[in-house]
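Student: Output the structure for:
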Amino acid sequence: LGSLPWLGSAQPGEHLYLSAAIAAVVSTRALRGCGASTNESYRDFGASRGKLARACAIGAIVLAGTGLVFGFESLSLALVALYAPIYLAGLSAWRVLTATWLRRSARRTGERGSFVVIGSDERARRIAARFEVEWGFRNIGFLDDSPLAIDIETIGARYLGSSKELKRLIETETVDDVVIALPREQLGADSTSEAIQLCELVGMDVTISSDLFDSNRAQLRYHESLGAPALSFRSHGKPPLWALAVKRALDIVGATLVLLVTLPLWVVAAVAIKLDSPGPVFFVHKRCGLYGRTFPFLKFRTMGRDAEQKLEALRDRNELTGPVFKMKEDPRVTRVGRFLRRYSIDELPQLLNVLQGEMSLVGPRPPPPAEVESYELFQRRRLSFRPGLTGLWQVSGRNLIGFEEWVRLDLEYIDNWSLVGDFEILLKTIPAVLTGRGAS
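Tutor: Numbers count the residues shown, from 1 in each chain. The predicted structure follows:
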């Protein structure tokens, strides 16, 4: 920069670095203050462009003010003027890339978001249509305690009954979000509060569209969602999309590296399985992922081919409480299978699930659908986060702890998630696997 005379004396020095650090901190705060750091702003780049521009302008003003107040020689007006457009261009490029990644990931994995609307009038239908078109989500249907006949006729088969049906939909459908788009005179009803509490219990987002009052000059200061001012209730600290994008990138890189390093083990395990007992090398089981989506869960086969048929006869020998089944001396496990399980070699094929986007390296373990059917409602909150290859349960003793403690650990992970926490769990997984602690 110093070689350009029109930038003044902008030599890389301590003042320049300090100014940049101050501007970065202030700009980050400005993004939050302008509502440009929410998950909704990442998904809807068009609606958040103005917020990004305001945040960048605030950063430039603070940078200029810093130079004026402290007299930093490393700053010039030209450098300050360049800060805002460069910062805006970088942020915009990142948002576009993130939005593109979200759309492509949803198409590739089939994880198209889905939502239920509480409300059925013309406004509710307009909000639902925008949610479908702009965000690509699937509208499961509409719930309404007192719909008009014309609204039911317009909605047709997508009218699913009163708000009391929400619990059934959560238990039987894949629901990512509940959108409350009721007229203002109905928002205070007990059913609205019950719907919010129900979603909080299972870890599901609730969005209340708040364009309820006509105003000519007054400006609402809530975040924007669904094309209207809105309030959102989150049952836990949902990670920002940039953090989830980083987590996904680490999943891809980490799973690829581990797969390449362990490839010889795959070959040895496959040969040993075929020599030990008749049947396929891989065991494919249906499991529940994010918000109950089912996917083919891959493992090296560790049991005989008739293991599923023998399960019911062994139910009374279950060594864990709750809906899960575990026993140390399971007669269905083969000799090779017992070794594979002890050192978690049987879990290696799940690296393919990670690469497919169905799982993450770290997260709650994915349960079978039959187990989920036996869950108490609050236990379904385990499904509000993408399942993982390892997690707090694996590094805390695995089968040495009961189901209730297992659920508590998963919910603790969800409520306190961070990239640093994932890294710590991955490090703790290595000795847990090598020692075989808690495996069966």
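
Student: So residue 116: helix, strand or coil?
Tutor: Put simply, residue 116 is strand when judged by DSSP: H, G, I helix; E, B strand; the rest coil.

Student: which stretches of the stretch 1-150 of the chain form helices?
Tutor: Taking DSSP state H, counting those that start in this stretch to define them, one finds helices in the stretch 1-150 of the chain at 14-33, 39-43, 45-70, 77-109, 122-135, 149-155.

Student: C-terminal to the helix or strand harbouring residue 409, what's the next element?
Tutor: Using DSSP states H and E, residue 409 sits within helix 403-415. Once the chain leaves helix 403-415, the next helix or strand it forms, by DSSP H and E, is helix 419-435.

Student: pLDDT wise, what is residue 216 at?
Tutor: In this model, residue 216 is scored at 52, pLDDT.

Student: likewise residue 228?
Tutor: Taking residue 228 on its own, its pLDDT is 61.

Student: just to revisit the earlier point, for the helix holding residue 409, the distance to its chain's centre please.
Tutor: 16 Å (C-alpha atoms, centre = their mean, to the nearest Å).

Student: Now do that helix, average pLDDT.
Tutor: pLDDT averaged over helix 403-415 gives 89.

Student: any idea of the angle it forms with helix 419-435?
Tutor: Relative orientation of helix 403-415 versus helix 419-435 (axes from the mean of the first three to the mean of the last three C-alpha atoms, to 10 degrees): 140 degrees.

Student: which strands and helices sit next to helix 403-415?
Tutor: With contacts defined as 3 or more C-beta pairs under 8 Å, 6 or more residues apart in numbering; DSSP states H and E, helix 403-415 has these neighbours: helix 392-395. For the C-beta atoms, the positions are set from N, CA and C on the backbone; glycine is no exception.

Student: What's the separation between residue 272 and residue 300?
Tutor: As judged by C-beta to C-beta, to the nearest Å, residue 272 and residue 300 stand 9 Å apart.

Student: Return the backbone torsion pair for the most centrally placed residue in the chain.
Tutor: Centroid check for the chain by C-alpha atoms, centre = their mean gives residue 385 as the closest residue, at 5.2 Å. Phi and psi for residue 385, reported as degrees, to the nearest 10, are phi -140, psi 150.

Student: Show the contacting residues for it.
Tutor: 203, 290, 363-364, 413-414, 417 (C-beta atoms under 8 Å, 6 or more residues apart in numbering).

Student: how about 7 Å then?
Tutor: 363-364, 414 (C-beta atoms under 7 Å, 6 or more residues apart in numbering).

Student: again, but for residue 170
Tutor: So residue 170 contacts residue 202 (C-beta under 7 Å, 6+ apart).

Student: ok, residue 253 - how many residues close by?
Tutor: 11 (other C-beta atoms under 10 Å).

Student: thinking again about what came up before, ok, and for the helix holding residue 409, which residues are buried?
Tutor: By 16 or more other C-beta atoms under 10 Å, the buried positions in helix 403-415 come out as 406-407, 409-411, 413-414.

Student: what would those residues look like in TSV with distance to residue 88?
Tutor: Below are those laid out as TSV (distance: C-beta to C-beta, whole Å):
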residue	distance to residue 88
406	46
407	45
409	42
410	40
411	39
413	36
414	34
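
Student: Now flag whichever of the residues you listed is closest to residue 296.
Tutor: residue 410 (21.8 Å; C-beta to C-beta).

Student: Excluding sequence neighbours, find me the nearest residue to that closest one.
Tutor: Nearest residue to residue 410, sequence neighbours excluded (C-beta to C-beta, 6 or more residues apart in numbering): residue 364, at 4.0 Å.

Student: before we move on, back to that, which of the helices of the stretch 1-150 of the chain comes out lowest on mean pLDDT?
Tutor: helix 39-43 has the lowest average pLDDT among the helices of the stretch 1-150 of the chain, namely a mean of 58.

Student: Confirm residue 326 sits in a strand?
Tutor: No: read with three-state DSSP, residue 326 is coil and lies in no strand.

Student: What is the neighbour count of it?
Tutor: By other C-beta under 10 Å, neighbour count at residue 326 equals 12.

Student: go on, residue 334?
Tutor: 19.

Student: now do residue 89
Tutor: Neighbours around residue 89, by other C-beta under 10 Å: 11.

Student: do the same with residue 88
Tutor: 18.

Student: ok, now which ones touch the residue nearest to it when sequence neighbours are not counted?
Tutor: Excluding the flanking residues, the one nearest residue 88 by C-beta to C-beta, 6+ apart is residue 56, at 4.3 Å. By C-beta under 7 Å, 6+ apart, the contact list for residue 56 reads 27, 84, 87-88.

Student: same check, this time on residue 366
Tutor: 287-289, 297, 359, 387.

Student: pretty sure it is in a strand, no?
Tutor: No: applying three-state DSSP, one finds residue 366 to be coil, outside a strand.

Student: quick check, nearest of the contacts of residue 56 to residue 378?
Tutor: Nearest member of the contacts of residue 56 to residue 378, counting by C-beta to C-beta, is residue 27, at 39.3 Å.

Student: Show me what the helix ranked longest in the chain is packed up against.
Tutor: When the chain is parsed with DSSP state H, its longest helix is helix 241-276. Contact partners of helix 241-276 among helices and strands, from 3 or more C-beta pairs under 7 Å, 6 or more residues apart in numbering; DSSP states H and E: helix 77-109, helix 335-342, helix 350-356, strand 360-362, helix 419-435.

Student: could you give the angle of the second one to helix 241-276?
Tutor: In other words, helix 335-342. 160 degrees.
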